[in-house]
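K.L.:
Fold the following for me, if possible:
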Amino acid sequence: MRVAGLGFRSAATVDDLAAALALAGGAVDLLATDTRKAGAAALAELAARTGLTVRAVDVSGTETPAQSARVREAFGAGSVAEAAALLAAGRNGRLVGGRVVAPNGMAVAAIAEGDGI
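P.N.:
Modelled structure (predicted):
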């Protein structure tokens, strides 16, 4: 299973999320984010636009290659996008590239592959 983890600012638009997803590689089976962001309208719009399901995960305590002090303080992980992708990818989850940031800085995406279990 290939999963796109998404982290984003509260003011992010569906176009911001779509831009980050496209920069990350785009071809995924599932979208994922932290439980506290899962209800965002922009994410629901992206799911509708792409036909993908959103999986909400608790990213706190998940180790990630990227480290943002601000994100770690708020969410308990260095990168919401990386942590969400890894957790939703399931067993044997691994990042397939680094996280990417939308051109305007409003959204971040990371893709992971795993067994989906």
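K.L.:
So what's the residue count around Arg49?
P.N.:
Neighbours of Arg49 under the rule other Cβ atoms under 10 Å: 13. Every residue, glycine included, has its C-beta placed from N, CA and C.
K.L.:
quick one: which helix or strand includes it?
P.N.:
If you go by DSSP states H and E, Arg49 is part of helix 41-50.
K.L.:
Neighbouring strands - and their directions - for the helix or strand just after that helix?
P.N.:
The helix or strand immediately downstream of helix 41-50 is strand 54-57, counting by DSSP H and E. Partner strands and pairing direction for strand 54-57 (DSSP bridges) are strand 30-34 (parallel).
K.L.:
Could you tell me the average pLDDT over the strand it pairs with, please?
P.N.:
Across strand 30-34, pLDDT averages out at 98.
K.L.:
do the same with stretch 37-47
P.N.:
97.
K.L.:
May I have that stretch as CSV, with CA atoms only?
P.N.:
This file holds the C-alpha atoms of stretch 37-47, laid out as CSV (Å, rounded to 0.1, in the frame of the first residue of the first chain):
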residue,chain,number,x,y,z
LYS,A,37,-6.4,17.6,11.2
ALA,A,38,-8.6,14.9,9.7
GLY,A,39,-11.8,17.0,9.8
ALA,A,40,-10.3,19.8,7.8
ALA,A,41,-12.5,20.9,4.9
ALA,A,42,-9.5,21.2,2.5
LEU,A,43,-8.6,17.6,3.2
ALA,A,44,-12.2,16.4,2.6
GLU,A,45,-12.2,18.3,-0.7
LEU,A,46,-8.9,16.6,-1.7
ALA,A,47,-10.3,13.2,-0.9
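K.L.:
Could I get the full set of strands for the protein?
P.N.:
Assigned by DSSP state E, the strands in the chain fall at 2-8, 30-34, 54-57, 94-95, 100-101, 107-113.
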